[in-house]
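Asks: can you look at this prediction? I've put the sequence above it.
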Amino acid sequence: MILIKMLGILDALCALVLVFSNFFLIREIYFFLIGSYLLFKGVVFTILSKDPASILDILCGLYALSITLSIENGIVTTLVILYLGQKAAFSFIRF
């Protein structure tokens, strides 16, 4: 229960960093940390639970890592923000 809430907080922080990246200059290290976290979490939960949503975590992590190389797209960024935001919201709604 606590782990789900902690992962939800981290997902919300990832989404917030991506939102603020549109308005402020954010250093690449933050995108590297976000990408590493999402990639690690996606791989672990894909192996342990075979959850299809974990594959989306892997894709979001790869996209965040691509931002460190200045490869980004506004539409994809918006989709990643919405995905992480809804995932964070659902982690707080669950019992």
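Replies: Structure received. Numbers count the residues shown, from 1 in each chain.
Asks: how about the secondary structure of residue 36?
Replies: Classification of residue 36 using DSSP: H, G, I helix; E, B strand; the rest coil returns helix.
Asks: how about it, what does it touch?
Replies: 61, 65 (C-beta atoms under 8 Å, 6 or more residues apart in numbering). All C-beta spots, glycine's among them, are computed from the backbone N, C-alpha and C.
Asks: mind checking how far it is from residue 61?
Replies: According to C-beta to C-beta, to the nearest Å, residue 36 stands 7 Å off from residue 61.
Asks: residue 42 too?
Replies: Distance check for residue 42 against residue 61: by C-beta to C-beta, it reads 6 Å.
Asks: what do you get for residue 48?
Replies: From residue 48 across to residue 61, the span is 16 Å (C-beta to C-beta).
Asks: how about residue 84?
Replies: Using C-beta to C-beta, residue 84 is found at 11 Å from residue 61.
Asks: below-threshold pLDDT in the protein: ranges please.
Replies: Within the chain, the segments meeting pLDDT under 70 span 94-95.
Asks: tally of neighbours for residue 58?
Replies: 17 (other C-beta atoms under 10 Å).
Asks: check contacts around it.
Replies: Residues counted as contacts of residue 58 (C-beta under 8 Å, 6+ apart) are 38-39, 42-43, 46.
Asks: likewise residue 40?
Replies: residue 61.
Asks: just residue 42 next, same as before
Replies: 54-61.
Asks: among those residues, who's most crowded?
Replies: Most surrounded of the contacts of residue 42: other C-beta under 10 Å gives residue 60, at 28 neighbours.
Asks: any idea how far that residue lies from residue 77?
Replies: Taking C-beta to C-beta, one finds residue 60 at 10 Å from residue 77.
Asks: nearest spatial neighbour of residue 22, skipping sequence neighbours?
Replies: Of all residues not flanking residue 22 in the chain, residue 77 sits nearest, at 7.5 Å (C-beta to C-beta, 6 or more residues apart in numbering).
Asks: quickly find the element holding the one you found.
Replies: Residue 77 is part of helix 74-93 when elements are defined by DSSP states H and E.
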